[in-house]
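**Q** Let me see the structure of the following:
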Amino acid sequence: MLPYVGGNYLSPSHGKLLLIGESFYFPEESTIHLDAEHWYSLTKDSLNREELQHIDCRGLLECPWSESGQEMYREINRCLCEQGLTYEERPISHVAFTNAFFRPASASGGSIRDCGEAIDHAKSREITAAMIRALRPDLVVYVSKYAWDSNGCFLAKDMPEFAFEFTSHPADPRHWNVASYAHGRSKFMSVLEKFFAADTES
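**A** Residues are numbered from 1 along each chain as shown. Okay, here's the model as predicted:
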């Protein structure tokens, strides 16, 4: 679950951008994550190979993205591509990425909001704050309104030395591409354009 840090995250042409999604998912047959208290007492030795692959954040951002559940990564990559960034493999190499929650959602493809408990939110804020301090981003963008409302907005108050923004989830068909919705794709594109333009102009 270590954050993905793209090869161009530390670039002289722009600042450091950290994107934060929502949660990981496990194979449908997995049950080891269903008890929240038990989950946080485990180590990676408790998980099988397939489960480890499902929570390998760095591996997920570097894999082919051929699965239907990886639409979020494809969409973020498309949005970054529109910024005219120079890259060898993918535009997403210009950012860092992590998920807000560190227990997989109960149902594969479901939302952590349906099963999240107090300990999930406490761990989210604790671990995410540590990641932010380690990565020192110039801007943190939550790409999940649920993760922002339940955790990100509190970190923004507790960590005023960092800049925060948020949008809806890039794979949310009800909001992302809806022009009348204030926190969808158009907002994300505006945030990206301002972020990368700020360094171009300096």
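
**Q** C-alpha from now on. contacts and neighbour counts both.
**A** Will do.

**Q** counting contacts, what elements does the helix or strand bottoming out on mean pLDDT in the chain pack onto?
**A** In the chain, no helix or strand scores lower on mean pLDDT, DSSP states H and E than helix 185-201, which sits at a mean of 88. Here helix 185-201 is seen to pack against strand 164-167 when contacts are counted using 3 or more CA pairs under 8 Å, 6 or more residues apart in numbering; DSSP states H and E.

**Q** tell me the mean pLDDT for the strand it packs on?
**A** Mean pLDDT, computed over strand 164-167, is 98.

**Q** rewinding a little: with only the CA atoms kept, save the least confident helix or strand of the chain in PDB.
**A** C-alpha atoms of helix 185-201 as PDB (Å, rounded to 0.1, in the frame of the first residue of the first chain):
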ATOM      1  CA  ARG A 185     -14.100  16.400 -14.600                       C
ATOM      2  CA  SER A 186     -14.300  20.100 -15.600                       C
ATOM      3  CA  LYS A 187     -13.100  21.000 -12.100                       C
ATOM      4  CA  PHE A 188     -10.300  18.500 -12.200                       C
ATOM      5  CA  MET A 189      -9.100  19.800 -15.500                       C
ATOM      6  CA  SER A 190      -9.200  23.400 -14.200                       C
ATOM      7  CA  VAL A 191      -7.200  22.400 -11.100                       C
ATOM      8  CA  LEU A 192      -4.600  20.700 -13.300                       C
ATOM      9  CA  GLU A 193      -4.400  23.600 -15.700                       C
ATOM     10  CA  LYS A 194      -3.800  26.100 -13.000                       C
ATOM     11  CA  PHE A 195      -1.300  23.800 -11.200                       C
ATOM     12  CA  PHE A 196       0.900  23.200 -14.300                       C
ATOM     13  CA  ALA A 197       0.500  26.700 -15.700                       C
ATOM     14  CA  ALA A 198       1.700  28.200 -12.400                       C
ATOM     15  CA  ASP A 199       5.100  26.600 -12.900                       C
ATOM     16  CA  THR A 200       5.200  27.400 -16.600                       C
ATOM     17  CA  GLU A 201       4.700  31.100 -15.800                       C
END
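
**Q** Burial check on the residue nearest to Leu47 when sequence neighbours are not counted, number of neighbours?
**A** Among residues not flanking Leu47 along the chain, Ile32 sits closest, at 8.0 Å (CA to CA, 6 or more residues apart in numbering). Ile32: 16 surrounding residues under other CA atoms under 10 Å.
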